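Fold the following for me, if possible:
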Amino acid sequence: MNRSMTPDTPLAEGEEVLQSFRADRATYVRTNTWMAAAAMGAGMVILWLLDNPYVWTGALGGLAAVAVRAFYLMSEELSVRWDLTNQRILGPMERRIPLAQVKKLNTLGSVVQIVTHSGDKHLIKYQADPKTTIAAIRRVAAGGQP
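Okay, the predicted model is just below:
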């Protein structure tokens, strides 16, 4: 099943899209570079703890694992779009979050986490400036413009 990575939820009467949030390519590359560095270090430490004489291969394995993952997911992750309307936040795969249901907005690196009153969690990934994304959502939820 091939699902769209952009919102496909019809707008309600009187609802309008005020702003869209897309994944940022430079942020995607930077995030995956940091993940690769961490995986390289972890691979080397694990091999060192196992007393493996080829500790350096942990770096190659960590780099390869993250690079392959980043390459294959890049087109999908960069095609994701979230729309902020005057009533809801609309995401890919029919995600709909009424603004009144947003309990908390968190940043996790380059990710904006939306937590609802029911406990659902949604991620707007690879934002160049997550604080700006959060500020726009808060302004609209309070009745203002993004």
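
what's the domain layout of the chain?
Per the record, the chain has its domains at 25-77, 82-141, by automatic domain parsing.

Give me the distance from the longest one to the chain's centre.
In this case it means domain 82-141. In terms of CA atoms, centre = their mean, to the nearest Å, the centre of domain 82-141 is set 10 Å apart from its chain centre.

now swap in the first one and tell me
In this view, domain 25-77 has its centroid 19 Å away from the chain centroid, taken as CA atoms, centre = their mean.

Please name the nearest non-neighbouring residue to the most centrally placed residue in the chain.
Nearest to the geometric centre of the chain sits Lys125, at 1.4 Å (CA atoms, centre = their mean). With sequence-adjacent residues excluded and distances taken as CB to CB, 6 or more residues apart in numbering, Lys125 is closest to Val111, at 5.1 Å. (Each C-beta comes from the backbone N, C-alpha and C, glycine too.)

tell me the contacts of the one you found?
123-127, 130 (CB atoms under 8 Å, 6 or more residues apart in numbering).

The same query, at a cut-off of 10 Å, please.
27, 31, 123-127, 130, 133 (CB atoms under 10 Å, 6 or more residues apart in numbering).

Show me what it bridges to in the sheet.
The residues listed as beta-bridge partners of Val111 by DSSP bridges are Leu108.

for the chain, which helix is longest?
If you go by DSSP state H, the chain has its longest helix at helix 25-49.

C-terminal to that one, what's the next element?
Next helix or strand after helix 25-49 toward the C-terminus (DSSP states H and E): helix 56-78.

Tell me if I'm right that Arg25 and Ser79 touch.
No. The pair Arg25 / Ser79 is not scored as a contact, 11.2 Å apart, by CB atoms under 10 Å.

Please report the distance of the residue lying farthest from the centre of the chain from Gln101.
The centre of the chain is farthest from one residue, Pro53, which by CA atoms, centre = their mean lies 38.0 Å away. From Pro53 across to Gln101, the span is 56 Å (CB to CB, to the nearest Å).

do Arg88 as well
Plainly put, Arg88 is 9 Å away from Gln101 if you go by CB to CB.

If you count surrounding residues, which of these two has more?
Per other CB atoms under 10 Å, whichever of Arg88 and Gln101 has more neighbours is Arg88, with 23 against 16.
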